[in-house]
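1. what follows is a predicted protein model with its sequence.
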Amino acid sequence: MRCFRIKLQDSRFKIQDLKYLHLAFYLLLLVTCNLQLATAAENRPFLTDKDQFNYAMFLYRQGHYAVSAREFGRVIEYFPGSPIIPRAQYMMGDAYLNASMYKEAVNQFQQLIRNFHEAEFKAEASLKLEIAERKLKETAVLSFPKLPTVKAGPPEKNKARMIMAVQVALFEGKDYKEVAGEMERLKAAGMDTIILRVFHNRNDRFYPFVKSGKLNNESGVYFNTTRSPVIEDILGPVLALAHKKGLKVFAWMTTRYANYGLENKNDLGCKAYDFSTKDIVPCKGLDLFNKDAVTHLEGLFNDLSAYPLDGILFQDDLVLRHNEGFGPYAQLLFEKDNSKRLVPAELYRNVSENSRGGYSANYTDDFWRWAAWKNKRLLDIADRLRMVVKKKNPDVKFAINLMYESISNPPYAMAWLSQSLDEAVKQGFDYYAIMAYHQQMQGELKKEPYEIYSLIERMTAEAVRLVGEPHRVLMKLQTVDWDTSMPLSAREVINLAGKIQEAGNISLAVVPYRKDFPFEELNR
């Protein structure tokens, strides 16, 4: 979940009518995740046509031909006036040819020859068109008729199923009896899964039924462990209540930002490149290239696995920004894996201060290599944590949070977050949680609601194509305005959910849980 901060004072609310009582109570309880608020004002990189092309070329050189063809296509789609479009179209055809996608290759080479008569590589394109057409004919001759469909046997016992979930930042109940009542209503409405926040950052709001830790504003976790401050063990009681009501429970847990109790241990802290001073400086969270930091995380997740969980959702902090991931440990590992030193000056070109107070840069080939290397490191750590948990509880399912850009703008996600849905799919998570927060996307992308809904529909279809099974795509829908904390129209969310589910048995999660939300309408 992309998180939000609420700053409210009781004096600002004068409840004059009982119909506003629930809303005011909800707002006062709304949690502050204090992680990575992503708004339109955030200092994000702007990718140029050359950045997009270079990213696609990086994928091509790595042998990811089908994916690179998609990214060459985005040069044409996103930068229709770019002078490098002919080259991008040629490379798209060549990538399809190398991927043995001959029909697509023929189409691209034909378009290039027809539309760009003066292209310097027209002769080469004509030659490759002939090769693609010949290969297409050969495959047609060798193709066999499809065999009749055989019905699958009974489903595997431990296979992931479609879920209808609520992501709980806070329950509203003041005690476990009231929480049990909330669970009964969720179950009656057709929801089957609770994604429960089990971490607590400084300045977050406490669950109303939690008594300890409130006076000293402590950060920590909501389960028993010796590796982090424990606010209170709520996971055990909530699990017992939920399972009694027939609900599954996923623990929603931080990774990189789980440095609770270790904030002053600088050696374990993240390192970033400061564009203004050109120094390596501390950044938020753990240094995931430091083996001691990773061992700390493994210990936390080992203790978490002692509970009878149904699943775990990795928080959206398992990312590294475009200037994060430096320091001595990253340097050693990068040089070992790539036989090359990690030098910031070789990653960025044309660095300049932008109007938002941050820095913009163009990315070199070395940058894309580094970003992909960071992505691999993050996914390897996720896999290590998964293995730790499954040693104790092999049936636990895993979901990974992914920003919407991982589908709508893959090079942007790779550059800014070191995140890639294509690569995550190779790791075989049970669920891929796509943060399709429509109002946030509308603000960041400066588009009309109908454009965002259409984009989310296309994102859903693309996620299903990449993942392969609709139920393993977990589309997360926003129920609250992150900026004002006011509830969004339930009808908006329900209509969007209906559009998403037209793609098949898509799993859904509403974020955050709202007691007043008409969950039963999601299941009609």
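-> Everything's here; your move.

2. hey, let's count contacts and neighbours off CA atoms from now on
-> OK.

3. partner residues bridging residue 324?
-> Each beta-bridge partner of residue 324 is listed here, defined by DSSP bridges: residue 272.

4. does it touch residue 274 like I think?
-> No - the criterion here is C-alpha atoms under 8 Å, and residue 324 misses it with residue 274 at 9.3 Å.

5. between those two, which is the more surrounded one?
-> residue 324 (24 against 16; other C-alpha atoms under 10 Å).

6. any idea how far the more buried one lies from residue 135?
-> For residue 324, the distance to residue 135 under the criterion C-alpha to C-alpha, to the nearest Å works out to 45 Å.

7. pick out the residue closest to the middle of the chain.
-> For the chain, the residue lying nearest the average C-alpha position, counting by C-alpha atoms, centre = their mean, turns out to be residue 402 (0.9 Å).

8. now do residue 293 against residue 426, distance only.
-> As judged by C-alpha to C-alpha, residue 293 and residue 426 stand 25 Å apart.

9. of the two, which one has the most company?
-> In this comparison of residue 293 against residue 426, neighbours counted by other C-alpha under 10 Å, the higher total goes to residue 293 at 22 against 11.

10. quick check: which element contains that one?
-> Counting by DSSP states H and E, the element that carries residue 293 is helix 291-304.

11. list the neighbouring strands of the helix or strand following that helix plus their orientation.
-> Remark: after helix 291-304, the chain's next helix or strand is strand 311-314, criterion DSSP H and E. In the sheet, strand 311-314 lines up against strand 248-253 (parallel), strand 397-403 (parallel) (DSSP bridges).

12. strand 311-314 - what's its average pLDDT?
-> Predicted confidence along strand 311-314 averages 98 (mean pLDDT).

13. touching that strand from outside, list them.
-> For strand 311-314, the surrounding residues in contact (C-alpha atoms under 8 Å, 6 or more residues apart in numbering) are 195, 249-255, 396-401.

14. how about that strand as PDB, C-alpha atoms only?
-> Output of strand 311-314 as PDB, limited to C-alpha atoms (Å, rounded to 0.1, in the frame of the first residue of the first chain):
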ATOM      1  CA  GLY A 311      -0.200 -16.100   3.700                       C
ATOM      2  CA  ILE A 312       2.300 -13.200   3.800                       C
ATOM      3  CA  LEU A 313       2.100 -10.000   1.800                       C
ATOM      4  CA  PHE A 314       5.500  -8.300   1.300                       C
END
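
15. now for the strand or helix carrying residue 459, which elements pack on it?
-> Assignment of secondary structure by DSSP H and E places residue 459 within helix 449-467. On a contact count with 3 or more C-alpha pairs under 8 Å, 6 or more residues apart in numbering; DSSP states H and E, helix 449-467 meets helix 405-408, helix 421-426, helix 438-445, strand 473-478, helix 490-501.

16. possible to save these as a markdown table with mean pLDDT and distance to residue 50?
-> Rendered in a markdown table, the data for these read as follows (pLDDT from 0 to 100; distance: least, C-alpha to C-alpha, whole Å):
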| stretch | mean pLDDT | distance to residue 50 |
| --- | --- | --- |
| helix 405-408 | 94 | 18 |
| helix 421-426 | 95 | 22 |
| helix 438-445 | 94 | 21 |
| strand 473-478 | 98 | 31 |
| helix 490-501 | 95 | 33 |
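
17. out of the ones you listed, which comes closest to residue 231?
-> Residue 231 sits nearest to strand 473-478 of all the helices and strands packed on helix 449-467, at 27.3 Å, using C-alpha to C-alpha.

18. so the closest one versus helix 438-445, what angle?
-> The directions of strand 473-478 and helix 438-445 differ by 80 degrees, with axes from the mean of the first three to the mean of the last three C-alpha atoms, to 10 degrees as the criterion.

19. quick one: contacts of strand 473-478?
-> By C-alpha under 8 Å, 6+ apart, the list of residues contacting strand 473-478 from outside reads 163, 431-439, 460, 463-464, 467, 488, 493, 497, 506-512.

20. how far out from the middle of the chain is that strand?
-> Its chain's C-alpha centre lies 10 Å from the corresponding centre of strand 473-478 when counted by C-alpha atoms, centre = their mean, to the nearest Å.

21. same check on stretch 343-355?
-> Centroid separation between stretch 343-355 and its chain, computed with C-alpha atoms, centre = their mean, is 26 Å.

22. alpha carbons of that stretch, as CSV, please.
-> Written as CSV, here are the backbone C-alpha positions of stretch 343-355 (Å, rounded to 0.1, in the frame of the first residue of the first chain):
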residue,chain,number,x,y,z
VAL,A,343,30.8,4.2,-10.1
PRO,A,344,27.9,6.6,-9.7
ALA,A,345,29.3,9.0,-12.4
GLU,A,346,29.0,6.2,-14.9
LEU,A,347,25.3,5.6,-14.3
TYR,A,348,23.9,9.1,-14.9
ARG,A,349,24.2,11.6,-17.7
ASN,A,350,23.0,15.2,-17.9
VAL,A,351,22.1,15.5,-14.2
SER,A,352,20.2,18.7,-13.5
GLU,A,353,18.1,20.1,-10.7
ASN,A,354,14.4,20.1,-11.6
SER,A,355,11.6,22.4,-10.7
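
23. pull out the buried residues from it.
-> By 16 or more other C-alpha atoms under 10 Å, the buried positions in stretch 343-355 come out as 344, 347-348.

24. which among those gets closest to residue 259?
-> If you rank these by distance to residue 259 using C-alpha to C-alpha, residue 344 comes first, at 25.9 Å.

25. so the closest one makes contact with residue 274?
-> No - here residue 344 lies out of contact with residue 274, judged by C-alpha under 8 Å, at a distance of 9.7 Å.

26. contacting residues around the residue nearest to residue 292 when sequence neighbours are not counted?
-> Sequence neighbours aside, residue 268 is the residue nearest to residue 292 in space, at 7.2 Å (criterion: C-alpha to C-alpha, 6 or more residues apart in numbering). Neighbouring residues of residue 268 by C-alpha under 8 Å, 6+ apart: 262, 286-287, 290, 292-293.

27. report the buried members of these.
-> For those, burial is judged from neighbour counts taken by 16+ other C-alpha under 10 Å, and it is met by 262, 286-287, 290, 293.

28. what is the lowest-pLDDT residue among those?
-> Going through the buried ones among the contacts of residue 268 one by one, the lowest pLDDT turns up at residue 262, 90.

29. can you give me how far whichever helix in the chain runs longest is from the chain middle?
-> What stands out as the longest helix in the chain, according to DSSP state H, is helix 365-392. Averaged C-alpha coordinates place helix 365-392 at 14 Å from its chain's average position (C-alpha atoms, centre = their mean).

30. and the angle from the host helix or strand of residue 56 to helix 365-392?
-> Under DSSP H and E, the secondary-structure element containing residue 56 is helix 49-61. Calculated by the same axes, to 10 degrees, helix 49-61 forms an angle of 60 degrees with helix 365-392.

31. with just CA atoms, put helix 49-61 into PDB.
-> Taking Å, rounded to 0.1, in the frame of the first residue of the first chain, the C-alpha atoms of helix 49-61 are listed here in PDB:
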ATOM      1  CA  ASP A  49      12.700   8.500 -25.700                       C
ATOM      2  CA  LYS A  50      16.400   7.600 -25.500                       C
ATOM      3  CA  ASP A  51      16.000   6.300 -22.000                       C
ATOM      4  CA  GLN A  52      13.100   4.100 -23.200                       C
ATOM      5  CA  PHE A  53      15.100   2.900 -26.200                       C
ATOM      6  CA  ASN A  54      18.200   2.200 -24.100                       C
ATOM      7  CA  TYR A  55      16.100   0.200 -21.700                       C
ATOM      8  CA  ALA A  56      14.700  -1.900 -24.500                       C
ATOM      9  CA  MET A  57      18.200  -2.400 -25.900                       C
ATOM     10  CA  PHE A  58      19.400  -3.500 -22.500                       C
ATOM     11  CA  LEU A  59      16.700  -6.200 -22.500                       C
ATOM     12  CA  TYR A  60      17.500  -7.200 -26.100                       C
ATOM     13  CA  ARG A  61      21.200  -7.700 -25.300                       C
END
